[in-house]
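K.L.:
The following comprises the amino acid sequence and a computationally predicted model.
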Amino acid sequence: MIGAWTNHLWQSTLFAVAAGLLTAVFRKNRAKVRYWLWLSASLKFLIPLSLLMSLGSHLERVPAVKKIATQAVSFGMVQITQPFPDRWSLAPPTPGTTHWVPLAILGGWACGFVAVALIRLRGWLRIRAAVCSSTLLKLPIGIEVRSSPGLLEPGVVGLWRPILLLPAGIVERLAPRQLEAVLAHELCHVRRRDNLSAALHMIVEALFWFHPLVWWIGARLMEERERACDEEVLLLGGEPQVYAEAILNVCKYYLESPLVCVSGITGADLKKRIAAIMAQHIVQNLSFTKKLLLAFGGIAAVFAPITIGLVNAPVSRAQATVGHPQFEVASVKPSNSADRRPHFGLTPGQFTAANATVKMLIRWAYDIKLFQISGGPGWVDSDLFDIAAKPEGSNMDQVAPMLQSLLAERFQLVIRRDTKELPVYALVVAKNGPKFKESNESDPNIIDLGGRESPPGAPRRPAVRKIRRGLLVAQETTMTTFALDLSEFLGRTVVDKTGLTAKYDLKLEWQPDENQVAMFQAMRVPEGYGAPAPDPMGPSLFAALQEQLGLKLEPEKGPVEMFVIERVEKPSAN
């Protein structure tokens with residue numbers, strides 16, 4: 001989080017430096033051009049480039065086929081290992097430590113924010129008191145004019161319904177032509193909506209009070225705002241000497257407004273303003289080259305991060321495209337079976353899925369875990385479907401991409417990939433080392449397809465595993481595959497950091513917690529289905545790992561790929 005904010009501050013700083021360089025290029029042009037450049041630099045603090053990049057990552061792209069690795073599991077194993085529903089929370093929280101540095105930074109920022117907000121509130125209360133004590137003046141200038149007792153300078157109050165607030169006695173202190181010049185200046189502020197832009201910068205100052213560049217930009221905004229109004233008054237036919245005398249008299253008799261968002265007539269470097277007014281510098285209109293430069297800069301500032309997000313967006317649209325393998329024949333219909341246990345079958349020339357939710361199908365098609373899938377309506381993990389399909393040709397390795405095409409065509413599925421920094425578990429070897437041995441071809445089977453212990457003398461079956469309530473048995477499995485199996489139960493990514501690279505025979509028994517029990521109940525799996533009931537006094541999954549296998553899980557954070565369902569529809573009957 002701190003790193004993201006640091007990057008945003010660096011981006012905003014560089015943006016402000018670029019704006020400063022452009023103002024130097026346009027120093028001989030109208031002040032309003034430089035004003036808008038500084039205002040864009042101020043608003044950049046409120047718009048992180050990551051937001052625009054995120055917008056680009058959401059735009060439609062031509063999808064590519066996701067290459068699915070061939071699973072080193074026999075076809076019969078698919079009938080044993082069932083997908084698990086996404087109906088449990090994350091694993092029990094682990095004891096954490098208090099991070100005092102981020103808390104101290106947040107506390108310091110909050111104190112500064114409150115201090116700036118209170119200063120602005122005090123100024124607003126002064127303005128509000130002046131408005132409440134004012135009386136209406138009838139001046140035909142197009143906006144409401146009020147006379148207020150006090151020594152505040154003339155100023156425009158309000159963001160949406162501007163009111164010109166004049167100090168009492170100003171008519172006697174200024175000559176008629178000087179008063180006309182002052183009114184012309186204030187009307188320029190109204191037409192330009194200077195109060196609104198000043199209020200936006202005040203928000204930037206309150207949020208980023210610690211950044212000196214923000215306050216420097218505020219001074220530049222004030223300077224260019226007043227110069228822009230000066231130029232406009234002179235262009236409208238105002239006499240330089242009369243206008244300069246009017247400004248000096250206002251500064252002589254009245255105090256500057258306590259709020260930047262109350263546009264007055266004083267402000268900026270008064271000496272430079274008077275010198276510029278009296279010199280009657282002829283400002284230049286923008287040439288075609290400078291207009292092109294401004295247009296290019298504006299387009300680049302907005303569309304460059306969007307383009308970056310679009311280019312770097314992961315291609316994860318589940319859309320059928322030319323060349324994407326598809327089933328030769330496929331039947332999809334709602335499930336009417338009384339046995340609501342999900343079942344996936346994959347044999348040469350046939351793929352079947354019974355009582356499968358859309359999330360289960362996505363899990364199978366993209367070889368991911370259910371906790372990596374988010375979004376979509378409620379029926380995606382409640383409504384059950386039956387699928388019978390015949391793969392095109394004889395290449396069974398392409399079944400997963402074919403299922404992706406089926407989801408896109410029949411369910412109108414559109415998904416987006418996103419990588420997030422989330423809590424994960426690292427699977428490591430415990431202090432006393434592993435309590436299991438490498439697989440050997442001469443060893444007997446520890447599991448068969450029926451879920452029973454293998455009879456003596458049966459041929460050894462490679463890469464087979466059984467997952468049931470409180471039981472995980474794996475034959476000739478790798479630590480990477482074992483970590484993926486643990487992820488199912490924990491609802492959190494488990495990363496293999498054991499350093500063990502061989503294949504092993506593993507057996508793990510534990511007492512499931514409430515979340516895991518609810519998971520099996522949601523699957524309608526009977527209490528003793530495929531495995532004996534776990535010991536009610538047995539160890540937890542964390543304790544069983546260490547006691548039975550000599551492994552342990554350590555909490556940490558890491559990148560986790562998430563699949564977000566952006567669109568899905570129920571399939572039509574076929």
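P.N.:
All right, it came through fine.
K.L.:
residue ranges of the strands in the stretch 1-150 of the chain, please?
P.N.:
Taking DSSP state E, counting those that start in this stretch, the strands of the stretch 1-150 of the chain run over residues 135-137, 144-148.
K.L.:
And the first one, what does it pack against?
P.N.:
Under the contact definition 3 or more Cβ pairs under 8 Å, 6 or more residues apart in numbering; DSSP states H and E, strand 135-137 sits against strand 144-148. Glycine gets a C-beta too; all of them are placed from N, C-alpha and C.
K.L.:
The longest one too?
P.N.:
Counting by 3+ Cβ pairs under 8 Å, 6+ apart, the packing neighbours recorded for strand 144-148 are helix 100-132, strand 135-137, strand 163-167.
K.L.:
Find the one among the strands of the stretch 1-150 of the chain with the highest mean neighbour count.
P.N.:
strand 144-148 (a mean of 18; mean count of other Cβ atoms under 10 Å).
K.L.:
tell me the mean pLDDT over it?
P.N.:
Averaging pLDDT along strand 144-148 yields 85.
K.L.:
what's the angle from it to helix 100-132?
P.N.:
90 degrees (axes from the mean of the first three to the mean of the last three Cα atoms, to 10 degrees).
K.L.:
contact partners of strand 144-148?
P.N.:
Strand 144-148 is contacted from outside by 130-131, 133-139, 161-168, using Cβ atoms under 8 Å, 6 or more residues apart in numbering.
K.L.:
If we use 10 Å, what do you get?
P.N.:
127, 129-139, 154-155, 157-158, 161-171, 183, 186 (Cβ atoms under 10 Å, 6 or more residues apart in numbering).
K.L.:
after it, next one along is what?
P.N.:
Per DSSP states H and E, strand 144-148 leads on to strand 155-157 as the next helix or strand towards the C-terminus.
K.L.:
Name every strand pairing with that following strand and say which way it goes.
P.N.:
Partner strands and pairing direction for strand 155-157 (DSSP bridges) are strand 163-167 (antiparallel), strand 263-264 (antiparallel).
K.L.:
State the mean pLDDT of that strand.
P.N.:
Rounded mean pLDDT across strand 155-157 is 83.
K.L.:
which residues does residue 143 contact?
P.N.:
156, 158, 161-164, 183, 186-187, 190.
K.L.:
re earlier: just the buried residues of the contacts of strand 144-148.
P.N.:
127, 130, 134, 154-155, 157-158, 162-167, 170, 183, 186 (16 or more other Cβ atoms under 10 Å).
K.L.:
Tell me the one among the residues you listed nearest to residue 31.
P.N.:
residue 186 (16.8 Å; Cβ to Cβ).
K.L.:
Would you double-check that the closest one falls in a strand?
P.N.:
No - counting by DSSP: H, G, I helix; E, B strand; the rest coil, residue 186 is located in no strand; its state is helix.
K.L.:
for the stretch 151-300 of the chain, what spans make up the helices?
P.N.:
Using DSSP state H, counting those that start in this stretch, the helices of the stretch 151-300 of the chain run over 170-173, 176-192, 194-207, 212-235, 240-253, 270-279, 288-312.
K.L.:
would you list these in TSV and tack on mean pLDDT?
P.N.:
Shown next, in TSV, are the helices of the stretch 151-300 of the chain (pLDDT from 0 to 100):
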stretch	mean pLDDT
helix 170-173	78
helix 176-192	85
helix 194-207	88
helix 212-235	84
helix 240-253	80
helix 270-279	75
helix 288-312	61
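K.L.:
Right, I'll leave it there.
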